[in-house]
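[1] Sequence first, predicted coordinates after that:
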Amino acid sequence: MLKKIYLLLKKIRLEIIASLIDPILMIEGIKVIEAKTNEEKEMVYHLRYKIYSEHRYVDSKIFPNKKMQDEEDSHSISFLATKKGVPVGTLRLVLGDKPIDFPTFRMYDIDIDKFPLQLSNTGEISKLAITKKNLSVQRYWVWLGLIKTAYKKSKELKLNNLIFFVSEKLNLRINKIFCTPTHLIPLLPETEGTIKQRRYMANYFKIKKAQPYFATFSEKGIF
C-alpha cells in the first residue's frame, strides 16, 4: 500500500513539473524548436562543438570548422533551445531501423541476440548539450523542455522506445525525475572497432563513464 502511495505521489510530482515547463520557459524568454532550416541546423552543430569542447569532451583539432556533425544527422531530428534568439541548448532524436543507424551501436558492442527492442519503432536520444552561460536554474528547465519536445515528437512518430548512453548519475536522475524504469543494454566483450569509434569523444567516455540504456513507453513514466 505504501509503495502504491509513493508511486502515485511521484507521478503527481511529474505531472506538476510537466505542466510548469512551458510557462517557465516562456517567462525566461526561452524557446525550444525543431531545427528545420539550414541556419537552425548550423546553430545546432556549432553549439554542440562549443559546449563539448569547453568541457574537453572532444579534441578541438578534429573540428577545424568549429561544428560537430556526423553521419547520423542525415536521419535525425535536432531540437534547439534559444534564449532571446541566442542558442543555449540542443538535443537530437536519431531514427532508423537497423543497428548501423544508431550511434549506440557504433560506440558499443551490443549483444543483438539479447537486445529486446524492435529498432523500427525505436529512437535514440543523443548529443545533449546545454550551455552554462546566461543560465542558472534555467538549465534544468531547458533540459526538461528539450526532453519533453523530443518525447512528444517520438509519440507523434509512433516510437515505442528510446535508447541513449549516459553516466550512471544521469541515468539515476532520469529514473527519479521521469518516474520511468531504464535498463542497461546487453553488451559483448569490447572490440577495437567500437573503441576506435569513441576516440573523437574519448574524454567524454573517460569522464562520464557512460553506459548504454533503453526505456520503453509501455512502462509507467515519462510525460
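    That came in fine, so what should we check first? Numbering: from 1, shown residues only.
[2] distance between stretch 138-152 and the chain's centre?
    In terms of Cα atoms, centre = their mean, to the nearest Å, the centre of stretch 138-152 is found 10 Å from the chain centre.
[3] buried sites along it?
    138, 141, 142, 143, 144, 145, 146, 147, 148, 149, 150, 151 (16 or more other Cβ atoms under 10 Å). For glycine as for every other residue, the C-beta is placed from the backbone atoms N, C-alpha and C.
[4] closest to residue 55 among those?
    residue 143 (15.2 Å; Cβ to Cβ).
[5] Nearest to residue 13, out of the buried residues of stretch 138-152: which one, please.
    Among the buried residues of stretch 138-152, and counting by Cβ to Cβ, the member closest to residue 13 is residue 144, at 12.8 Å.
[6] three-state assignment of the closest residue to the closest one other than its chain neighbours?
    The shortest distance from residue 144 to any non-neighbouring residue, by Cβ to Cβ, 6 or more residues apart in numbering, is to residue 21 (5.1 Å). Assigned by DSSP: H, G, I helix; E, B strand; the rest coil, the conformation of residue 21 is helix.
[7] show me what contacts residue 21?
    Taking Cβ atoms under 8 Å, 6 or more residues apart in numbering, we find residue 21 in contact with 141, 144, 145, 148.
[8] still on that earlier bit, export the buried residues of stretch 138-152 as CSV, with columns for secondary structure.
    Listed next are these as CSV, based on three-state DSSP:
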residue, secondary structure
138, helix
141, helix
142, helix
143, helix
144, helix
145, helix
146, helix
147, helix
148, helix
149, helix
150, helix
151, helix
